[in-house]
Every structure is written in C-alpha cells, then in structure tokens.
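Asker: sharing a sequence plus its predicted fold:
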Amino acid sequence: MNWEEYKGALDRLTPPPELKGRIQASLEAPAPVSRPRQRRAGLTALAAAAVLACTFLAAMAASPELRTAVLTLFRLEEAEQVPAPTGEGPEQPELTQNTISQQVEAQYIRLPDGFSWSYGDNVLSRAERADDGTVLDFHYWAAEGDALIPLETRTTDFTAVWDGVSYTDTVYWCNYAGALSCYCSGTAGMALDYDYHVSSISGRTDAVLLTLSQGSQMDYRQYPVLLDLESGEITDLLEGTGWEAAAPLTEVQWTDDLSAAILSSDRTGWYYCDRAANTTASLNELTGLEVSSAYLAEDSTLILLTLSGPQGDYCDVWTYQPDSGTLTQTFSQLPVYQRHEEQPWGFQFFFGGGRGIYVAKDSSVSVLDLVTGETTAVEGFTLAQWDTPTFIANPSGTKVLFASYGGQADGLGISSLGVMDLEQGAFTLLDRDSDASLYEASLGWFDEDRVAIWGYASEDFTQTCLYLYRF
C-alpha cells in the first residue's frame, strides 16, 4: 500500500461494532502489592461516591482483532542527505528548502554568531547582548517556505515584589499567526538567590505568565503572577485561594483559562487549586489515592499516576473530574519504562496531550490514551532494532516524535527521525545520512507540526544550524 492509497482508505475504515466498549485484559505484569492509604475523616463518603471505571490494557497478541486500532508505518525509501555546515558562516540567516521522498518538507537554516540564537513557540529568536550579558535588543523571525521573515518585537517593562524580593526587567515579545512568543533574561549569574521567567498562555496575546522563584535545589520555591503586556500591571493569581497549604511551590500547571491549577510541592505533594471557588485541596484527600504525579489534560480533566509493586516500579493511571468528583482508572499495573536495561520495556508518560507510550516485552510499541483508556498499536514496528530511541509528544499531544541515535554526526547523532500522527493513523519514518562536521545538540518540537534539530559546526561552534521537518 502506498501513501495515497492509505490516505484514501482512512475514511473508509470503520472498526467492528463488537470492539466498541470492549474491556481489555491486563498487561503481562505481576499483581501489585497494595500500599496503605492515608485518609482524613469524611473522605470515605467522597471516595464511595466517586465513579470508578477500571479499564485494563490488553496484551495485543491475545486479541488479534484489537490490532485494527493501529498506526500504519511508512518507512521512506529515500534517506535524507543532511547538509553539512561547511565553509564560512553566513553574515545573515540563510534558509534553504527540500522535500524528501515527496513526503517530508525540510527547512535548513544556517545562522551566524553561534550561541546567541534560540527557538520556541513557532519562531526563531536572537538576543543582542553587551559584554556583561545584558540584553540590548531582541529579534524574532518566522520560517515560512524558503524565507525567514522578520517579526515586530515589542517590549513590556515590569516590577514585581514577592517574599521580600523585587523583580524588575523587560519582556520582549511578538505576536505571530495568533500565537504569542515571549522572552526575558532572568537574573544573570549564579550568585543571586532568585530568578524569574515568562511563558505564553494558550489562546491569549494580551498577557503572559511570570514565574518568580527563590532558592535552589531543596530550598527552591516559586510563585506565579500574571503580567499584562500593555500596561505592565501585575496580578496575583493565587491570592485568597488558600494556596499556602501547598507551600513551598515547586511547580504550577494552569488550565488554559487560568481558572484552576495543579500545585506541586516537593515537600507537601500535589494539590488542586480552584480560583473561581477560592479553594485549594490535596489531591490525595480529594481522591483517596497516593498521587505520585499529576497533569492537566483537556477540559480540566486531571491525569493522576499512582505507584504500585514492591519497589514502586508499576503505575496505575487515573482521570479525575474536579467538578463532579468522578474518579476513573484507565490503566492498571503498567511497569515503569527502564531505559538502562538491556531490553527496555514498560510505560513512558508524556507530560503533554494526555498520552503515553507502552513498549511490550517483545519490543512492540503502543500509544496509550490516558484519558479514554484506548490503545493504538504501531504496526510493523519494534523497538529492539533501534539504538537509544526517544519519544516526544507535540504540545497538543496529537503527534509523537520518534528519534533513534547512532549516526555519524557528533552529539546526538540522529540516524532516524519520524512522526506518529495519531489523528491520521500514520507513522512516517525517515532515515538520515550526516557526517561529523555537524554537532547535533538538541531535538524537540518547533511548533505543533514541525520537528526541530538544533546543532553547530563541530570544528568551532561559531556556526549554528536549525533543521525543521514537517512530516
């Protein structure tokens, strides 16, 4: 089956009715050893009222008909000939475009001046700095087709005070294609005992999240505020919510509308903060579980992980609806993925999109929907043949990046690159040929659709390369 035949078949593919509502059997894993739960008085009634719907993941070989839910693998015949950063670096950014096997669009960007460049939130950026590291100016570009397009950079000055420390700086930001990109330098150097950073808010271009922090390592703590980009006004997001029960905060995850958040503390655990109701409560108390990790999925659904097994090397996955108190178990007794073992297998959680990867003992790979409990097998693909593989979900969780290492390039040496499109049901895999003149430093998502490989010229590191791929 070629690519065009496959795309035409997608619309005609309907799963058999008998598969709907099928309860899947458990994985090949020993029964967990129960761990004692600590509950306060009154929690028993709440836990009894919660709706528990347990769904277990099947070993795919035991139910062949379940394999109709698959990702079809398309391994491209043509390998990418990765351009080497040879010769003198360009005085200005340069972009060339290539299409590989009529399927993968590649944009190769060469940049001058080494380490002054960065990328994120759909744009390329560069800071101009003084000798002491102070930011003098900041620039943004969009990569469209075969051109880099300069974008307007705007600035917002702010001053915020938290826990006796005054934070003053400038945010550099741009609005491109309806999405906001932002940057501030934070505190330069390790001598200061405080820091701060900004991050964009999904769907908003008028404000950014400003995270203030103090301390380091075990003494680290942070606090979130909202910065209005037009006025520079600071809004305290947690005032009056009782957040102090979760202090000191080490992480905060927000819903898109900032109406609620998961508060995390290395000392006190996981909490749910409802800004509208001005309440903060322990997730352990709300659910009766011993929560080891929590994440916000779509529609304010919380994904909770709990550990089981004698060594805590298995995990259960739950969803929790704060408004109704509904608690649902979607996966049980998943062995935690161990990368360092000779034949790694188990469950790998993505902090984004509500999905994870499960590698079975036979090296077959499945994508798990942690909210619905659905399982999608990757057809014709096993992990045993790949060297130190990596899986990274895009921001919305609709696509999963796959990379394998061991190529000729220095650094990461990415020899194969692919994307699992969970909406289209396709896994497109590209082999790469490169040489030692390229040092590949990092791998990630440039935006929802494009994969980014960041690298340098191996000889002197003065020439920077950004390679973008749309599968």
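Answerer: Cool, the structure landed.
Asker: parallel or antiparallel, list what pairs with the helix or strand encompassing Thr428.
Answerer: Secondary-structure element containing Thr428, defined by DSSP states H and E: strand 426-433. For strand 426-433, the paired strands and their directions (DSSP bridges) read strand 70-75 (parallel), strand 80-81 (parallel), strand 414-421 (antiparallel).
Asker: for that strand, buried residues please.
Answerer: Ala426, Phe427, Thr428, Leu429, Leu430, Asp431, Arg432 (16 or more other CB atoms under 10 Å). Where you see a C-beta, it was placed from the backbone N, CA and C, and this is true even at glycine.
Asker: now do that strand, average pLDDT.
Answerer: Per-residue pLDDT over strand 426-433 has a mean of 97.
Asker: for that strand, list the C-alpha coordinates in CSV.
Answerer: C-alpha atoms of strand 426-433 as CSV (Å, rounded to 0.1, in the frame of the first residue of the first chain):
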residue,chain,number,x,y,z
ALA,A,426,0.2,7.0,10.2
PHE,A,427,3.8,6.7,11.3
THR,A,428,6.2,8.2,8.8
LEU,A,429,9.9,7.3,9.3
LEU,A,430,12.9,8.9,7.7
ASP,A,431,16.5,7.6,7.7
ARG,A,432,19.2,10.3,7.9
ASP,A,433,22.8,10.4,6.5
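Asker: can you give me the angle whatever helix or strand comes next after that strand makes with strand 426-433?
Answerer: Helices and strands here follow DSSP H and E; after strand 426-433, the next one along the chain is strand 438-445. For the pair strand 438-445 and strand 426-433, the angle between their directions (axes from the mean of the first three to the mean of the last three CA atoms, to 10 degrees) equals 170 degrees.
Asker: which strands and helices sit next to strand 438-445?
Answerer: Contact partners of strand 438-445 among helices and strands, from 3 or more CB pairs under 8 Å, 6 or more residues apart in numbering; DSSP states H and E: strand 390-393, strand 399-405, strand 410-411, strand 450-457.
Asker: how about a markdown table for these, with mean pLDDT and mean neighbour count added?
Answerer: Converted to a markdown table, the helices and strands packed on strand 438-445 look like this (pLDDT from 0 to 100; neighbours: other CB atoms under 10 Å):
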| stretch | mean pLDDT | mean neighbour count |
| --- | --- | --- |
| strand 390-393 | 92 | 18 |
| strand 399-405 | 95 | 21 |
| strand 410-411 | 87 | 18 |
| strand 450-457 | 94 | 22 |
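Asker: which one of those strands lies closest to Trp270?
Answerer: With CB to CB, the closest approach to Trp270 among those belongs to strand 390-393: 21.1 Å.
Asker: partner strands of the closest one, with direction?
Answerer: For strand 390-393, sheet partners with direction are given as strand 399-405 (antiparallel), following DSSP bridges.
Asker: need the contact partners of the strand it pairs with.
Answerer: Applying CB atoms under 8 Å, 6 or more residues apart in numbering, the set of residues contacting strand 399-405 from outside is 350, 355, 357, 367, 386-394, 412-422, 427, 429, 443-445, 448-449, 451.
Asker: out of the helices and strands packed on strand 438-445, which is closest to Ala260?
Answerer: strand 390-393 (22.2 Å).
Asker: name the residues that touch that closest one?
Answerer: 348, 350, 352-353, 355, 357, 399-405, 443-445.
Asker: any idea how far Leu151 is from the closest residue to Ile149 other than its chain neighbours?
Answerer: Counting by CB to CB, 6 or more residues apart in numbering, the nearest residue to Ile149 once its immediate chain neighbours are dropped is Ala142, at 4.6 Å. For Ala142, the distance to Leu151 under the criterion CB to CB, to the nearest Å works out to 6 Å.
Asker: adding distance to Thr328, write the helices and strands packed on strand 438-445 out as a markdown table.
Answerer: Compiled in a markdown table, these are given as follows (distance: least, CB to CB, whole Å):
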| stretch | distance to Thr328 |
| --- | --- |
| strand 390-393 | 21 |
| strand 399-405 | 23 |
| strand 410-411 | 43 |
| strand 450-457 | 33 |
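Asker: which stretches of the stretch 51-200 of the chain form strands?
Answerer: Counting by DSSP state E, counting those that start in this stretch, one finds strands in the stretch 51-200 of the chain at the ranges 70-75, 80-81, 94-100, 104-111, 117-120, 123-129, 135-144, 147-151, 154-162, 165-176, 179-183, 194-199.
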